[in-house]
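A.B. asks: I'd like to go over a predicted model; first the sequence, then the structure.
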Amino acid sequence: MKIVSTNYKGKIVVNFIILLSLIVSSPLIVPAWSGKGHVIITRMAVKLLLDDSSIPTELKNILKEGLNGENKVNELKTYVISDNNERVFDHGLDSFSVRPDDLTATKSPVPAFNSTEPLMHYLDSEFFQTDVTRQKFALDGSNKIKPSDLPRDPKDKRYQEAGFITFRTEQSYKSLVSSFKENYSNDQVFLWIGYLSHYLSDAYQPYHSTVDYQGYECLCNQALEKKHNFHPALEGLLFRDKNIVGQKNRAKYWEYFSNEVSKLNTSEKAQLLDPYLVTQDALLSGYDYLPMLCRAADKAFKEQKLDANVWFNYQDKVNNQETTVLQLKAERMAQATIKLKFLILQAWQEANKKVP
């Protein structure tokens, strides 16, 4: 978030006080993958497009401009493994991919959905349970909804409480197509690629699919008066840890992430994607990881402290596959990366009338 300073000391103080009051009065800001995580997903998707010889040169040039050159994608591994976790990013794709979180703090209005920015980032899916007693998170994941439970109608009143992420991702995609088609400035293109990246990535964060987005229902929290919020642990703890253990875990993360990106990029074939359904699928598949994350929390949270190394390396089964929290984070971010790559290309092709 930026503070606009003036030449008058009194006004600087007033601006700071106003900003502080906005932060205090706003809901807890919980970025899905942290600023750095969103930038990593965006840069990797761009890298895949730049490395693909079949991608039109004009699109590649736009993407290069959006990142101010190719250095950021060529040095992506160094950036990931480093303890660089600054929140200030260059104007363009980096900046726009994190901007929605900045707008959350001020409750920026989103007229298209008669709502505000905070509700654009998640879906409290349990609100769509017809049984009121099941409109909450259950430790065994049994309150997960079915795709058919979600009406594709943003005017359904439940979304005003549950969140609009499926529709916001779809809107960002359509706006990107229009930006390509109508020859808007590249800044407009960068904005909608960044927004598309952000909301799509948010959907792949498991905590963005549940009313229990802080993990308060986990067993280790239930006896505590001041409960621990596990959402930030999944989204940004890895990138904030400056200790040797943190460096080692980031190196392991990069190996998992880059390998998964490479595997998916080879195995997933281009197909006509519906951004709404892609987002819906990301949310509901992510929900399956929530019970495992609670078990990891129970193991790693002792005496009011979370052991980051135990947390990230906790291993358990999800859908009959062994995974660690670190692998979960890498794989979900890789899945978001691949879908973002295909949606950027599809938007370009649709704008140029190459997609039915």
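C.D. replies: Here it is on my side, so go on. Numbers count the residues shown, from 1 in each chain.

A.B. asks: the host helix or strand of C220 packs against which elements?
C.D. replies: Assigned by DSSP states H and E, C220 falls within helix 219-222. Judged by 3 or more CB pairs under 8 Å, 6 or more residues apart in numbering; DSSP states H and E, helix 219-222 is in contact with helix 290-300. All C-beta atoms are positioned from the backbone trio N, CA, C, and that covers glycine.

A.B. asks: which parts of the helix it packs on are buried?
C.D. replies: 290-297, 299-300 (16 or more other CB atoms under 10 Å).

A.B. asks: closest to N309 out of these?
C.D. replies: Checking the buried residues of helix 290-300 against N309 by CB to CB gives A300 as the nearest, at 8.3 Å.

A.B. asks: shouldn't the closest one be in contact with W311?
C.D. replies: Yes: counting by CB atoms under 8 Å, A300 touches W311, with 3.8 Å between them.

A.B. asks: now the strands for this protein?
C.D. replies: With DSSP state E as the criterion, the chain has strands at 109-110, 115-116, 301-302, 305-306, 315-318, 321-324.

A.B. asks: show me how far the third one is from its chain's centre.
C.D. replies: Strand 301-302 sits 26 Å away from the centroid of its parent chain (CA atoms, centre = their mean, to the nearest Å).

A.B. asks: given that strand, what are its sheet partners and their directions?
C.D. replies: Looking at strand 301-302 with DSSP bridges, its partner strands are strand 305-306 (antiparallel).

A.B. asks: and the contacts of the strand it pairs with?
C.D. replies: Residues from elsewhere that reach strand 305-306 (CB atoms under 8 Å, 6 or more residues apart in numbering): 228, 230, 233, 237, 297, 300.

A.B. asks: ok, now which ones touch the last one?
C.D. replies: This points to A300. A300 neighbours (CB under 8 Å, 6+ apart): 306-308, 310-311, 314.

A.B. asks: now, of those, which are buried?
C.D. replies: Among the contacts of A300, those classed as buried by 16+ other CB under 10 Å are 306, 308, 311, 314.

A.B. asks: keep only those of these that are in helices.
C.D. replies: Counting by DSSP state H, the part of these found in helices is 308, 311.

A.B. asks: out of the strands of the chain, flag the one nearest L283.
C.D. replies: Across these, closest to L283 is strand 315-318 (CB to CB), at 15.5 Å.

A.B. asks: so which other helices or strands are in contact with the closest one?
C.D. replies: When contacts are defined as 3+ CB pairs under 8 Å, 6+ apart, strand 315-318 sits against helix 290-300, strand 321-324.

A.B. asks: circling back: including distance to S175 and pLDDT, could the contacts of strand 305-306 go into TSV?
C.D. replies: Rendered in TSV, the data for those read as follows (distance: CB to CB, whole Å; pLDDT from 0 to 100):
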residue	distance to S175	pLDDT
H228	38	97
F230	33	98
A233	33	96
L237	33	95
A297	37	98
A300	40	98
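
A.B. asks: which residue sits closest to G35, ignoring its sequence neighbours?
C.D. replies: Nearest non-adjacent residue to G35, counting by CB to CB, 6 or more residues apart in numbering: V98, 4.4 Å away.

A.B. asks: where's the nearest residue to Q214 once chain neighbours are set aside relative to G236, distance?
C.D. replies: Among residues not flanking Q214 along the chain, N229 sits closest, at 4.4 Å (CB to CB, 6+ apart). According to CB to CB, to the nearest Å, N229 and G236 sit 12 Å apart.
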